[in-house]
Every structure is written in structure tokens, then in C-alpha cells.
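Undergrad: this one's sequence-less:
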């Protein structure tokens, strides 16, 4: 098997090692960072991470939805695989 062939889902993750990826997590959390390591459970180690957390509240007087986002930078982060919803590899051109 050639090293750049995708035959199963984790091959796509393998090809993204040492590249920036997007990870969507439970509870309205999103991560963008460099993939350093992963395992079959999608536990991941990301470096140079930007974490974005989105919260939804309802104004009790006007009943309007209030959406707040907060961002933070993290040098190194361990992501537990059971919270992962989606992993998007970097855009590849032929």
C-alpha cells in the first residue's frame, strides 16, 4: 500500500500528521491545530491550538437568543476521542 492511499477512515488522519486540522467537539467546541499524534480511538495530541467555544443563552426579558464565542490559544492539547464529532484534514490540491 502506498503511503498516500486512503483505504480506511484512519488513513485520512494518518495523512494529516504534522499538518493543521480542524476538529469539531461536543458542547459547541472547535479546535484548529497541528496534529502530532492520534490513536484508533481518535485521541489526539494537537499543538499550536486555537480553541473556540460557542455558548447560546436566552435573554429572559426579550427572549432573544444570545450567541457568545470565546477563543484561546493553547501550546499543546490532548483531545479525548469520545468527544470528537468531526475531523477535517487540510485542503489538498492534486
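TA: Received it, and whenever you're ready, just let me know what you need. Worth saying up front: this structure is predicted, and the values here are computed from it rather than measured.
Undergrad: let me see the ranges of the helices in the chain.
TA: Along the chain, counting by DSSP state H, helices occupy 9-14.
Undergrad: which residue is nearest the middle of it?
TA: residue 23 (1.3 Å; CA atoms, centre = their mean).
Undergrad: is it true that it touches residue 83?
TA: No - applying CB atoms under 8 Å, one finds residue 23 not in contact with residue 83, separated by 9.2 Å. For every residue, glycine as well, the C-beta is placed using N, CA and C.
Undergrad: sorry, back to before: what pLDDT does the residue nearest to the centre of the chain get?
TA: On pLDDT, residue 23 comes in at 97.
Undergrad: for it, name its beta-bridge partners.
TA: With DSSP bridges as the criterion, residue 23 is bridged to residue 31, residue 87.
Undergrad: residue contacts, it?
TA: By CB atoms under 8 Å, 6 or more residues apart in numbering, residue 23 lies in contact with 30-33, 44, 46, 79, 84, 86-88.
Undergrad: pLDDT wise, what is residue 94 at?
TA: Reported pLDDT for residue 94: 56.
Undergrad: offset the numbering so it begins at 29, please.
TA: Renumbered: residue one is now 29, and that last one reads residue 122.
Undergrad: check which helices and strands the helix or strand of the chain with the lowest mean pLDDT sits against.
TA: Using mean pLDDT, DSSP states H and E, helix 37-42 stands out as the lowest-scoring helix or strand of the chain, at a mean of 90. Where contact means 3 or more CB pairs under 8 Å, 6 or more residues apart in numbering; DSSP states H and E, helix 37-42 is packed against strand 57-66.
Undergrad: list the buried residues of the strand it packs on.
TA: Neighbour-count burial for strand 57-66 flags 58-63, 66 (criterion: 16 or more other CB atoms under 10 Å).
Undergrad: quick one: contacts of that strand?
TA: By CB under 8 Å, 6+ apart, strand 57-66 touches 38, 41-42, 44-53, 72-82, 102, 104-105, 107, 111.
Undergrad: let's see 6 Å
TA: 41, 44-45, 48-52, 72-81 (CB atoms under 6 Å, 6 or more residues apart in numbering).
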